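Asks: I would like the atomic coordinates for the input below:
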Amino acid sequence: MHIEQVEFNTIITFLGMLCAVVQGVTGYYAAYYRKKSALLKTNEPLSRAHRTFGNFATTLYLLGLFAGINGLIGALTRNEPPLELDNASFNIHTWGSFPVLAVWIWKTWHSYFDKKPLYGKKKWLGIAMFVAWAYNWITAAISYYVRTVPPNKQHPAPNFLLPYDWMWLQILLPFLLGALLSWVIVRAAQQAEAAKSARREK
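Replies: Modelled structure (predicted):
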């Protein structure tokens, strides 16, 4: 079954959002719910999940960013895809992507090169990154879907994503699946904490 490039790009963003949900929930659980950011280092299930899904989210964002930059350059230089300055979904997603990129660069820099502030005064950057990812995914999905139907049909109907009538569920899916994965991970983290406490009490 053939997949159009734009649908492939949307799937990449979908997967990135799913990974960002898991990274966000595990970070929130440690830093805000338990108020112990150190759990992201000392609790093995939490640490592995937060780091792994964060790395996947970063990689997928870079892939989506590459496609987005190519699309923007094409729109500005040869109107392919069309430069739709009078279209709400185009403007909201395209120009809103620049603040998203700024947050992503700031958070990624600290994650890979200067991690200590994320465990203290800049831990709110994790929440900002999650919000940025959510904005990126929701606006990208809407922008894709509205271009699969008239009056602005630029792409074929999706083959792998849900059909247009189920767009709302497609937008919710990475949050739902990410929440389910996060629940499993947090349960494993709690069991690891309980086992560690039991060993200390012996």
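
Asks: all helices for this structure, in order.
Replies: Ranges of helices in the chain, per DSSP state H, are 5-28, 39-42, 44-78, 88-113, 124-145, 167-201.

Asks: right, and those helices - which one's nearest residue 159?
Replies: helix 5-28 (6.7 Å; Cβ to Cβ). In short, each C-beta sits where N, CA and C put it, glycine included.

Asks: tell me which strands and helices the closest one is in contact with?
Replies: For helix 5-28, the elements it packs on are helix 44-78, helix 124-145, helix 167-201, judged by 3 or more Cβ pairs under 8 Å, 6 or more residues apart in numbering; DSSP states H and E.

Asks: buried set for the last one?
Replies: I take that to be helix 167-201. Using 16 or more other Cβ atoms under 10 Å as the test for burial, helix 167-201 gives 167, 170-171, 173-175, 177-178, 181-182, 185-186, 188-189, 192-193.

Asks: do the second one as well
Replies: Of the residues in helix 124-145, 125-126, 128-130, 132-145 count as buried by neighbour count, 16+ other Cβ under 10 Å.

Asks: Relative to the whole chain's centre, how far out is it?
Replies: Averaged C-alpha coordinates place helix 124-145 at 6 Å from its chain's average position (Cα atoms, centre = their mean, to the nearest Å).

Asks: The last one now?
Replies: Taking the mean C-alpha point of helix 167-201 and that of its whole chain, the gap between them comes to 17 Å (Cα atoms, centre = their mean).

Asks: now it: mean pLDDT?
Replies: Taken as a whole, helix 167-201 has a mean pLDDT of 92.

Asks: same thing with the first one?
Replies: pLDDT averaged over helix 44-78 equals 93, rounded to a whole number.

Asks: repeat for stretch 17-29
Replies: 96.

Asks: and if you look at stretch 118-134?
Replies: 86.

Asks: State the distance from the closest residue to residue 44 other than its chain neighbours to residue 56.
Replies: Nearest in space to residue 44, with sequence neighbours left out and distances taken as Cβ to Cβ, 6 or more residues apart in numbering, is residue 192 at 6.0 Å. Shown here: residue 192 relative to residue 56, a distance of 22 Å by Cβ to Cβ, to the nearest Å.

Asks: Could I get the contacting residues of residue 53?
Replies: Neighbour list for residue 53: 19, 20, 22, 23, 26 [criterion: Cβ atoms under 8 Å, 6 or more residues apart in numbering].

Asks: Many thanks, we can stop here.
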